[in-house]
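Engineer: Pasting the sequence and the predicted coordinates here, then a few questions.
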Amino acid sequence: MKIQINIKLKENRWLLMAIVIGSFFNSFMSSSLNIAMPVIDNEYHVGLAKVAWISESFLLASAVGLMLAGWLADQFGRRKTFLFGNLIFGFISLFIYFVPGFYPAVMLRFIQGLGSALIMASAPALIASAFDPSRRGFVLGIQTTFTYVGLSLAPLLGGALTQIFGWRSLFLFNFIFGLAALSIMFFGVKSEWKAEIRNKFDVGGYVIFLLAIVALVLALDWMNKFSIIMLLFSLMAAYFFIRYELKKEMPFISIAFLKSNKYFTNSNFAALINYATTFAISYVLSLYLQNVRGMTPVGAGLILCFQPLMMALFSAYAGHLSDRHNPGKIASYGMAMIALALFIIGITLSEKLPFAIIAGLLAFLGFGFALFSSPNTNAVMSSADAGSYGFASAFLAFNRLFGQFISMALASAFILLSNHTHLAAVEEQALLMASKIIFIFFGMLSCLGVYLSYQRIRMKK
């Protein structure tokens, strides 16, 4: 018995090491690539709007692949899903390093996004499966910490790699970390976790789901003249999806489960709103700091680092707190701090606001985010049964990603409306006013998230 416990402890250490490496390079890659966009455009000469598809194709693939990845993790094994995801993510990075053309790079990034979906769906599910519930929040906090370490290092390390070795070095760096995570999981972890009951895949539901999501993503591009049509099509598809899923014995997404398990549903909606109100912060403040305040990209990046740095420092501690206290309550306190920070930034933002105050407010917001993130993930995973950890992990990751799409769409819409023109031509005063409105609006939306988050405290998991 003692030997079995020691083997399990050793295996769990290897498992956690593989997951934190995967979390690090996934977040590092996404953030550092945004910094390299102008350099990539200098090689391909396709324009900044088109070169953005290097990132957007990845996000779109992740969005459409996440729920399928969750089903695969539950049915065929979470370890296998994680390994396959790292295999795709790592080796596609190597292919992109050598690929000469723009469109092949976009296509490969789409495939890499599918690999990322497999990793995102399986990583928290593996933690929930392998670790004792009394330690789950702390371990999820460690995973979250390394996610934000990747985000914190991306502006400086990613910028340095791009400047010294070229933008392709980011993918080579990514390949090395992907290979490390793959090797550690393959050789260090032999156990497998999956659902005991095999469920048939709901092809019809998945197709309708895909149509609704792709149409909505296209609708959120305000420069697209078919945005309204795409939005209406997405709403129609969503309506038919709900009707279709309610009739299915083995649905792709169980609407009945979402209605009955309100703790799970509220926790996911809280995540969606949280990311919808915070993801575009770095985008908006980057424009403000460089265009209104005249800062260099490096200077702006240093100020923006305060938010992910605080998230990296306190996520593990917040996860530990969620093991001892109601995770929904801790997450609600964190979201309330985020709402307060958003309101203060929106009210005080000006042409002369000291940079130290901006950095301090971002640090305060980052601390609130740390209190929200890992406790909320713990709340989601604790409210699902062991056979559905893959689904729970994928659904949470989908809501986070969907929130990011909404955040960027809302921020872009306010900036465009402020000047009735293209983003590149927005004047300083119009941009400043738009930034203030964005933060106040995000603060109001965050209050709705606080309400939904706090409601679950009285609910049973």
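Structural biologist: Looks like it arrived, so ask away.

Engineer: Test my guess that V214 contacts L59.
Structural biologist: No: judged on CB atoms under 8 Å, V214 makes no contact with L59 at a distance of 12.0 Å. For glycine as for every other residue, the C-beta is placed from the backbone atoms N, C-alpha and C.

Engineer: ok, these two, which is more surrounded?
Structural biologist: Counted by other CB atoms under 10 Å, V214 and L59 do not tie: L59 has more neighbours, with 20 against 17.

Engineer: which is the next helix or strand following whichever helix or strand Q75 is part of?
Structural biologist: Taking DSSP states H and E as the definition, Q75 sits inside helix 53-76. For helix 53-76, the succeeding helix or strand toward the C-terminus, using DSSP H and E, is helix 78-98.

Engineer: That next one: how far from the chain's middle?
Structural biologist: For helix 78-98, the separation from the chain centroid amounts to 18 Å (computed by CA atoms, centre = their mean, to the nearest Å).

Engineer: so that helix versus helix 53-76, what angle?
Structural biologist: With axes from the mean of the first three to the mean of the last three CA atoms, to 10 degrees applied, the angle from helix 78-98 to helix 53-76 works out at 160 degrees.

Engineer: Just name the shakiest helix or strand of this structure by mean pLDDT.
Structural biologist: Of all the helices and strands that make up the chain, helix 48-51 has the lowest average by mean pLDDT, DSSP states H and E, namely a mean of 67.

Engineer: before we move on, the earlier item: let me see the mean pLDDT of the helix holding Q75.
Structural biologist: The average of the pLDDT scores along helix 53-76 is 88.

Engineer: What is that helix packed up against?
Structural biologist: In terms of contacts (3 or more CB pairs under 8 Å, 6 or more residues apart in numbering; DSSP states H and E), helix 53-76 is packed against helix 2-35, helix 37-44, helix 78-98, helix 102-130, helix 203-219, helix 389-419.

Engineer: how does it look with 7 Å?
Structural biologist: The criterion is 3 or more CB pairs under 7 Å, 6 or more residues apart in numbering; DSSP states H and E, and the helices and strands that helix 53-76 contacts are helix 2-35, helix 78-98, helix 102-130, helix 203-219, helix 389-419.

Engineer: Flag every buried residue along stretch 134-150.
Structural biologist: Neighbour counts using 16 or more other CB atoms under 10 Å place 136-150 of stretch 134-150 among the buried residues.

Engineer: what is the orientation angle of the strand or helix carrying M433 with helix 389-419?
Structural biologist: M433 is part of helix 428-455 when elements are defined by DSSP H and E. Here helix 428-455 runs at an angle of 150 degrees relative to helix 389-419 (the same axes, to 10 degrees).

Engineer: Now helix 428-455: buried residues?
Structural biologist: For helix 428-455, a neighbour-count test (16+ other CB under 10 Å) marks 430-436, 438-443, 445-450, 452-454 as buried.
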